[in-house]
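[1] Take a look and give me a structure for this.
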Amino acid sequence: MAGRFTVSRVSFPFDLRIKRFLVIRPANPGHWALLIALVLAFVSFRAFGQYPSTPQIFKDGTALAIEDYASAPISSMTTAAYPPATNYGNYLGRLNFLRSEPANAPRTSERFFVNDLNRNLYVLTKSNKTFTIYINFEEVYPKFVNYPGYSGGIVTFAFDPDYASNGKFYTIHTENPARSGSAVPTNGSLHGFNVTGYTLTPAVNPPAGTVVREAVLVEWTDTNINNATFEGTARELLRLGCNNVIHPMGDLAFNPLAHPGDSDYGNLYIAAGEGGAGEVAGATHTTPQRLDTLHGKILRITPDTNAHPADGLAANGRYRIPTTGPDPNPFVSLTLTNLKKEIFAYGFKNPHRLSWDPPSNKIFVTDIGLSSWEEVNIIVKGANYGYAEREGIEQVFIGGSNNEKTGSQTTPPTPFPNPDSLTVTGIVGSVTPRYPVAAYSHREGDGITSGFVYRGSLMPQMDGKYFFGDITTARLFYSQLSDLIASDDSNRTNLAPIHELQVVYNGVERRLYDLVRDEFVHKGGIRPSGGVLPGNGGGLRTDGIDPYGVAYGGGRADIRLAMPGDGEIYILSKSDGMIRRLVAAIAPPVLQAQPGTNGLVTLIWASISNHHYRLQYKSSVLDTNWTDLSGDVTATNSVATKTDALSAATRFYRVVLLP
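    Below is the predicted model of the structure:
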């Protein structure tokens, strides 16, 4: 073939477009030519400042092989007495985070740490996939609460950068302040826990509304990090009151690029939700925009009060706030009553996940939206991300006849504010909000999950791609890091394209949602009324169909992504209490041509076993419509073929993955 053909690439400026065609042209013009195209069009969605009328995210042929990694012990929320009876009609294990200890810790190669929102922080042994209870929070904290609310319980944890030498790590859990009795922890079950000297901090409550939950940040010091039990002390750093049972403090992180002696070394970044305040009209609505409250913010504090003695001390005396040096927090110089100098960025609803990509030095935060948009944000110090006046790329209304609608959803549509500015008490002049770098509408899902820039070794083709997903539907997405960075500009409608990832399990393409459903049933899960997974209600997207016309069947898969120290992507799912791992990338198939005799040509492409493909052709690249070749192909292994009888005319081919 090399002597008979020349190869060129042709680009087409379509908005919904095939990025490039690979054209094989015959050296002799009298011979036929082939067009070889990637599976389906790569769809680029550039928002135009309005709510989309149709789904905008589609598969581009990129598939990832997934495998079961570990099955957590079945657990249940405490709705009445503790310990609760196992509830097979609800989540079987509410896994929320999976993390590695720092690379220099003695046992980091042997184990992970995993938290189940219900109560347990586990050690997960990699060799045999066994879970060992490290701390049972419900048996330590008398006012611990894990119900109701999707994020109640032991929410998250993070290891201190000096954990290998000081044994320190940090946790967030939720408590019910109305519960009678003392909130001081006990060691009746956690015998190695020395509670002597443990004291509570006064709750930092929102400036308006009643408080029904408290999120508690605790610093732990384990005196022996070589075993799987906790022995040591703990210190309460911050107690944050919330107006509702939702959106507490959600995530913790340290700067992975900071080294001892750097101004940011040892500073803890905290993703703090608005506690449901911004969702309702009235006095609490402005909470995320206020600089005299910690809610709806990214916070930055220094837990070690000895680290930077010149910095300001928190009101409770438990941590310092970066107020001096080359990189102070952005609002420390404002004149405002009750100013919260801990604020690093603000204007969020539920920034429940943050991740730091060291090569690009970008902090990514996924912010769960209200009723219309889900956001990926790049965090800039001091920036205002708009909520509760903005959602996604639009203005949003709270209360009244347009409650929870965005500007383009009102009747008639409400023009976007011009100028685009917000008034923030304490800041002189107006503030222009900063917008997400990627966003998807609720035509695609319900709630964005965690996201990470992939830097692992199992899927080298995916290096530099930002992985994320939708919590309830278990759809997995990616965006190019370069597209996300390019979209971090002043143009609110400039969003990075989002591509859906296909999932291959045991050689067969499956929806991740269906894998979770099957495992839920396999473990004894009882299908709730109206669905096959728990959490069915509230008009969730999972009550309907996916963008390809296939019904979900009700309920929530409730997935979370994790990227621990090995750099690989793990998927945690609450409904079935499983951890799965992405282990290989299957690139979009590219057609190859093998000319035969008697005017026949065999088309060959990489395939997924048991998946269905359709070959199409047209006689001119300018033709609008493609013609189907008779007979779809069902792949039986990793390579599929189709033979066609060529006419004298030129033919351009493409292969299409079928739902």
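
[2] so residue 90 touches residue 79, yeah?
    No. Judged on CB atoms under 8 Å, residue 90 makes no contact with residue 79 at a distance of 9.1 Å. Any C-beta I mention is one placed from the backbone N, CA and C, and that applies to glycine too.

[3] Among the two, which residue is more densely surrounded?
    residue 90 (19 against 13; other CB atoms under 10 Å).

[4] tally of neighbours for the closest residue to residue 599 other than its chain neighbours?
    Nearest non-adjacent residue to residue 599, counting by CB to CB, 6 or more residues apart in numbering: residue 646, 5.0 Å away. The local packing of residue 646 (other CB under 10 Å) involves 18 other residues.

[5] do the same with residue 442
    20.

[6] Spit out the contact partners of it.
    369, 371-374, 541 (CB atoms under 8 Å, 6 or more residues apart in numbering).

[7] Can you show me the helices along the chain?
    Listed in chain order, the helices found in the chain under DSSP state H are 137-140, 163-166, 481-486, 512-522.

[8] what's the third one packed up against?
    When you say that, I think you mean helix 481-486. Packing contacts for helix 481-486, counted by 3 or more CB pairs under 8 Å, 6 or more residues apart in numbering; DSSP states H and E, involve strand 362-368, strand 373-378, strand 465-469.

[9] what comes up buried for that helix?
    481, 483-484 (16 or more other CB atoms under 10 Å).

[10] Name the residues of stretch 258-277 that are buried.
    Those would be 263-277, for stretch 258-277 by 16+ other CB under 10 Å.

[11] From start to finish, how long is that stretch in a straight line?
    With CA to CA, to the nearest Å as the measure, stretch 258-277 spans 34 Å from end to end.

[12] how about the nearest residue to the residue nearest the centre of the chain, chain neighbours excluded?
    The residue lying closest to the centre of the chain (CA atoms, centre = their mean) is residue 450, at 1.9 Å. Nearest residue to residue 450, sequence neighbours excluded (CB to CB, 6+ apart): residue 353, at 3.8 Å.

[13] Run a quick neighbour tally on the one you found.
    When neighbours are counted by other CB under 10 Å, residue 353 comes out with 25.

[14] what pairs with it across the strands?
    Note on residue 353: beta-bridge partners by DSSP bridges are residue 366.

[15] That one against residue 253, yeah?
    No. With contacts defined as CB under 8 Å, residue 353 does not count as touching residue 253, sitting 9.6 Å away.

[16] quick one: which of the buried residues of stretch 258-277 is nearest residue 321?
    Taking CB to CB as the measure, residue 267 is the one of the buried residues of stretch 258-277 closest to residue 321, at 9.6 Å.

[17] residues near residue 84, how many?
    17.

[18] wait, it sits on residue 76?
    Yes. Assessed by CB under 8 Å, residue 84 is found in contact with residue 76 at 4.7 Å.

[19] Poorly predicted segments of the protein, please.
    Residues of the chain that meet the criterion pLDDT under 70 lie in 1-48, 530, 536-541, 587-589, 647-649, 659.

[20] Which parts of the stretch 251-400 of the chain are strands?
    In the stretch 251-400 of the chain, the strands defined using DSSP state E, counting those that start in this stretch lie at 268-272, 297-301, 312-313, 320-321, 343-346, 350-357, 362-368, 373-378, 390-391, 394-395.

[21] Format those as CSV; extra columns: distance to residue 120.
    As requested, the strands of the stretch 251-400 of the chain are exported to CSV (distance: least, CB to CB, whole Å):
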stretch, distance to residue 120
strand 268-272, 22
strand 297-301, 26
strand 312-313, 34
strand 320-321, 32
strand 343-346, 31
strand 350-357, 20
strand 362-368, 24
strand 373-378, 29
strand 390-391, 35
strand 394-395, 40
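
[22] Out of the ones you listed, which is closest to residue 571?
    Checked against CB to CB, the stretch from these lying closest is strand 350-357, at 13.5 Å.

[23] Contact partners for the residue nearest to the centre of the chain?
    Per CB under 8 Å, 6+ apart, neighbours of residue 450: 352-353, 355, 366, 468, 560-562.

[24] so how far does stretch 567-581 reach from one end to the other?
    11 Å.

[25] actually stretch 625-638, sorry about that
    Rule used - CA to CA; the end-to-end distance of stretch 625-638 is 29 Å.

[26] Any buried residues in it, and which?
    Buried-residue list, stretch 625-638, by 16+ other CB under 10 Å: 626, 629, 633, 635.

[27] just checking, residue 125 touches residue 113?
    No. Counting by CB under 8 Å, residue 125 sits too far from residue 113 to count as a contact (11.0 Å).

[28] Could you check which of the two has the larger neighbour count?
    Taking other CB under 10 Å, residue 125 and residue 113 do not tie; residue 113 has more neighbours (20 against 16).

[29] The more buried one - nearest residue in space that isn't next to it in sequence?
    residue 99 (5.4 Å).

[30] what's near enough to touch that neighbour?
    112-114, 157-159, 562, 564-565.

[31] and if you look at residue 634?
    610-613.

[32] Identify the bridge partners of the residue nearest to residue 234 when sequence neighbours are not counted.
    What sits nearest to residue 234 in space, not counting adjacent residues and going by CB to CB, 6+ apart, is residue 220, at 4.8 Å. In this entry, residue 220 is beta-bridged to residue 169, residue 234, by DSSP bridges.

[33] number of nearby residues for residue 220?
    Using other CB under 10 Å: residue 220 sits among 19 other residues.

[34] how much space is there between it and residue 240?
    Residue 220 sits 18 Å away from residue 240, taking CB to CB, to the nearest Å as the criterion.

[35] Over to residue 488?
    29 Å.

[36] For the two, work out which one has more neighbours and name it.
    Neighbours were tallied for residue 488 and for residue 240 using other CB under 10 Å; the higher tally belongs to residue 240 (27 against 17).
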